[in-house]
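[1] Predicted model and sequence below, questions to follow.
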Amino acid sequence: MTNRKRVFWATTALFTGFLAAGAASAQSSGTTAAEATEVDTVVVTGQRGPRDIDGLAVAETVAKTRNTINQEFISTQAAGQTILQTLNLTPGLSFTNADPYGSSGGNIRLRGFDGNRVSLTFDGIPLNDTGNYATYTNQQLDPELIERASVNTGTTDVDSPTASATGGTINYMTRRPAREFGGWGQASFGDFDYRRFMFLMDTGEFGPWGTSAWFAASFQDYDKFKGLGDLDKQQYNARIYQPLGDNGDFVALSGHYNENRNNNYNGPSLRTATGFCDVAQTIVCVDAVETDPRGWEIDFDTTYTAPTFRTGVADNDTNGTGFYGLRVNPSNTGNIRGNSRFTLMDGLVLTVDPSFQYVLANGGTQQAVLSETDALLRGSFAAGGVDLNGDGDTLDRVRVMTPSNTNTHRYGLNTSLIWDLNDDHRLRAAYALDWGRHRQYGQYGFVNFDDPSNPRFVDWFGGRNDEANRVVNLDGYNLQSRDRKSIASLNQFSLEYRGQFMDDALTVNIGIRAPFFERELNQYCYSRNSSSSVRCTTETPLTTFTGGGAIPFGDVRFASQGNTVFIAPYSRTVKYDDILPNLGATYRFGEGHSVYGSYAESLSAPRTDSLYIVRRLADGSVGNPNVVPEETQTFDIGYRYTSSTLVASVAGFRTNYDNRIVNTFDEDLATFVDRNVGSVELQGIEASVGWSPVEALSLYASASFLDSELQDDYVLNSGGAIAATAGKELVETPDMMFSARASYEFNEMFSAGVQAKYTGERWITDVNDLRDDAFTIVDLDARVDFAPMGYEGTYLQFNVTNVFDEEYYGGLGTRTSATPGQPGYSRPFAQIGAPRTWMATLRMAY
């Protein structure tokens, strides 16, 4: 065994303790314990058994399509990279990074489902936003601290605490503390002035009960790869672990805090027109100069056009919204996670995983120009104004910050009671709670013009933190861009039976989960009828139209807004529930052969934005009757083969996807509206193979093929406007993907790897009138390990991503149609993929 693999497996033996190979990638302590069987003991012993090729092809035993990677592979990738990018070689997953190092986020597609429909979990706790289910890939755990990560394509675990995962789950697990004292520090440098420093300390086992812990911190900053601006990130993590006896029982407590301060990237708007945009093999074009027809260099303005003055009146600037210094995306996120396992009696195990999460973040344009006599500033006063720039008059128009802050306090609990009836039959009852207070507000704040050529927001979060930075009207009201609060509450009950038959050759899982989901919605501003637009104001509401006649249903208007009707602040509660089966069976035969099949149903409840776009119904109540929960039924059947040198799997699947919710442009309302648009049928094949023909060489390849078909045309408005989507394919979903990796250890000091990912063509519009090219990204990694020189755990690693500097679009801002004059037309946009990037990391261990 070569040195690097020997070190990894010895370390694994120290970390994993009670975990089993097939169960180690489960989402919760309950699923980990429920999936553990006698055939899954390889990782516990720390031996290089028939489970793993290069940490990328990890053998699975569960009766569902799951792909797992571990720290052996994760450690070969760029330091600090988001775990989603590292998982991108696995079949079924398409992830496009927004920048080379992962701090700007990215876009997930899993079997055609976007990230909002995929459950992302961290030690079993759900990370998707409680309001809109968004996944923030730039805020994940530092990869050096992740023991294993897995992707369930198409299905969830039976105890998954989610009301949104119709597309599957992505989960990663934190490393356990080592049994011996030690640690390391590392420094990374790379393109775009990249600098990252990280430190970790393991206490080793201490005290009379074998307690152990670790603490880690990282600090990162670099420049955007195009335009001006930088991205700063700091993260702190800790874990304490207490074993309870020799039977695998334990109590663990972990903490995580992440802070991002980013300037945003801007990308091109796309169009179908030709003209000077004559680009081969594509129908994508942008409004750009002839030397940049694809918009590779498009970004926010690097210079600021200061206001001009006339007769003492300060005009607002002409490009404030396009200036890079005023396009920011800050976030503060953290969590506390508990995991525990208790053997109550022989054959009866209780697991309890509580958690708390905190989020404060914003993003988007987040600015506006206010006249100092604007009706918002006058409030209930008929005349007057507010001197916003301190020049002694109220004659000016001044740029202010209008943030879209989101602040979440979230409490969770996932607990299971597992009863082994005998050696072959197991029952589990599980309960999951996910309760989130989702506060969305936007206290106006000021822009700092001390440097007239380089303005900045006074505070990243507007007027939230400092009263002196608030824009207050004549009524004493702090102006807000939005003001609403929702309580999202999931109570879920699950039952599962696991049985082994035919001398353990056949394993059967019969599960059912029953989610009860409730959203309490509180809108504190006035809402435009059937629109996402709101007016947060102290203006006097009027109950009659300008031409006379009462406004029906108690709705109002404001003098400054003419006859535009607004719905007064309101509260409403919506509830969703379902009974969702989760079934599977695995049959093992011969030496290392197995087949499996599974069936699962999933639910995705409407998001808060879908539910806050309301209109008056016939009975006078407010609501959005256009949205009901999405539903999926997924069938998988697969074959696996595992030997000491080969791990292979192939799976076929079919998903029926009903009541799909799409945000489409309603020309009557002149806004985007969420509505159910019908059904989608998906089917495909996913395969992967890992082979180690000799100990020093590891090879991996995966392939994914997906056929998607929309079953219905979109009905875009009450007037019957139709978008011809029936028979078309899903947007942003490649019909084929291929990945490959080869790694070789030349000797105990030198190793290297090369990997590639091919992503097929992707549609940008629902009517399939705009398509993006396929692209291939190649990455390299190489390591010099100083262990043979007596410096165990110390190494120098080089990484190069996008070796051939492929130009491609990453995330796509999809639309119904990109053809002017067609129903649902709106200009789509794109993020530019990161260019070739190199970095080097030196780690020194002690």
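    Right, received. Where do you want to start?

[2] Roughly how far does the spatially most central residue of the chain sit from T121?
    Nearest to the mean C-alpha position of the chain, by CA atoms, centre = their mean, lies T135 at 2.0 Å. Using CB to CB, to the nearest Å, T135 is found at 10 Å from T121. No exception for glycine: its C-beta is placed from N, CA and C like everyone else's.

[3] so what's in contact with those two at the same time?
    Common contacts of T135 and T121 (CB atoms under 8 Å, 6 or more residues apart in numbering): L127.

[4] now the helices: where do they sit in this structure?
    3-16, 29-35, 42-45, 71-74, 83-86, 375-378, 608-612 (DSSP state H).

[5] and the ones you listed, which one's lowest on average pLDDT?
    Least confidently modelled of these is helix 42-45, at a mean of 28 by mean pLDDT.

[6] got the contact list for the residue lying closest to N329 once chain neighbours are set aside?
    Using CB to CB, 6 or more residues apart in numbering and skipping the chain neighbours, the partner closest in space to N329 is G363 (4.1 Å). G363 makes contact with 264, 328-329, 404 under the criterion CB under 8 Å, 6+ apart.

[7] Between those, which sits nearest T801?
    N264 (21.1 Å; CB to CB).

[8] how far away is that closest one from N97?
    15 Å.

[9] who has more neighbours, the two?
    N97 (27 against 22; other CB atoms under 10 Å).

[10] where does the more buried one sit relative to V58, distance-wise?
    N97 sits 23 Å away from V58, going by CB to CB.

[11] A687 now?
    When A687 is compared with V58 (using CB to CB), they lie 15 Å apart.

[12] what pLDDT does G320 get?
    80.

[13] Can you tell me how far the nearest residue to it once chain neighbours are set aside is from N473?
    Excluding the flanking residues, the one nearest G320 by CB to CB, 6+ apart is R399, at 5.0 Å. Separation of R399 from N473 (CB to CB): 17 Å.

[14] about what we covered before: count of residues packed around the residue nearest to G320?
    Neighbours of R399 (other CB under 10 Å): 23.

[15] Can you name the residues that contact it?
    316-317, 320, 367-370, 447, 455.

[16] Find the pair from the residues you listed with maximum spatial separation.
    Top of the distance list for the contacts of R399 (CB to CB): L370 and P455, 15.1 Å.

[17] which one of A687 and V58 has more residues nearby?
    V58 (28 against 17).

[18] what's the distance between the more buried one and T68?
    V58 sits at a distance of 4 Å from T68 (criterion: CB to CB).

[19] distance of I125 from L360?
    18 Å.

[20] Of those two, which one has the most company?
    When I125 and L360 are compared for neighbours, I125 comes out ahead with 28 against 19, by other CB under 10 Å.

[21] where in the stretch 601-750 of the chain is pLDDT low?
    625-626, 665-673, 718 (pLDDT under 70).

[22] Show me where it has its strands.
    615-616, 622-623, 630-642, 646-658, 661-666, 671-676, 680-694, 697-710, 714-715, 722-723, 736-745, 750-759 (DSSP state E, counting those that start in this stretch).

[23] so what's F356 closest to, chain neighbours aside?
    Using CB to CB, 6+ apart, the nearest residue to F356 is I336, at 4.9 Å.

[24] where are the low-confidence patches of this protein?
    1-27, 37-50, 271-293, 308-316, 530-531, 625-626, 665-673, 718.

[25] can you give me the offset of stretch 92-108 from its chain's centre?
    9 Å (CA atoms, centre = their mean, to the nearest Å).

[26] count of residues packed around S160?
    Residues lying near S160 (other CB under 10 Å) number 30.

[27] Would you check that my belief about it contacting T166 is correct?
    No - using CB atoms under 8 Å, S160 is not in contact with T166, being 11.7 Å away.

[28] now the contacts of R399: which count as buried?
    Buried members of the contacts of R399, counted by 16 or more other CB atoms under 10 Å: 317, 320, 367-370, 447, 455.

[29] Tell me the one of those nearest F199?
    P455 (36.2 Å).

[30] residue contacts, the closest one?
    Each residue near P455 by CB under 8 Å, 6+ apart is listed here: 304, 320, 323, 325-326, 399, 447-449.

[31] again, only this time at 6 Å
    P455 makes contact with 447, 449, according to CB atoms under 6 Å, 6 or more residues apart in numbering.

[32] again, but for the one 5 residues further on
    Applying CB under 6 Å, 6+ apart to W460 gives the contacts P330.

[33] any idea how far it lies from S218?
    Applying CB to CB to W460 and S218 gives a distance of 20 Å.

[34] just P828 next, same as before
    36 Å.

[35] what do you get for S598?
    38 Å.

[36] Where is the longest strand in this protein?
    Longest strand in the chain, counting residues (DSSP state E): strand 480-501.

[37] Partner strands of it, with direction?
    If you go by DSSP bridges, strand 480-501 pairs up with strand 425-443 (antiparallel), strand 506-523 (antiparallel).

[38] Turn those strands into JSON lines, columns for distance to Y222 and mean neighbour count.
    Converted to JSON lines, the strands paired with strand 480-501 look like this (distance: least, CB to CB, whole Å; neighbours: other CB atoms under 10 Å):
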{"stretch": "strand 425-443", "distance to Y222": "29", "mean neighbour count": "21"}
{"stretch": "strand 506-523", "distance to Y222": "39", "mean neighbour count": "19"}
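
[39] Please enumerate residues in contact with stretch 79-99?
    Taking contacts as CB under 6 Å, 6+ apart, the residues outside stretch 79-99 that touch it are 67, 74, 77, 102, 104-111, 137, 140, 143, 146, 149, 151, 153, 172, 188, 196, 220, 686, 688, 702, 704, 734, 739, 757, 810-811, 831, 834, 841.
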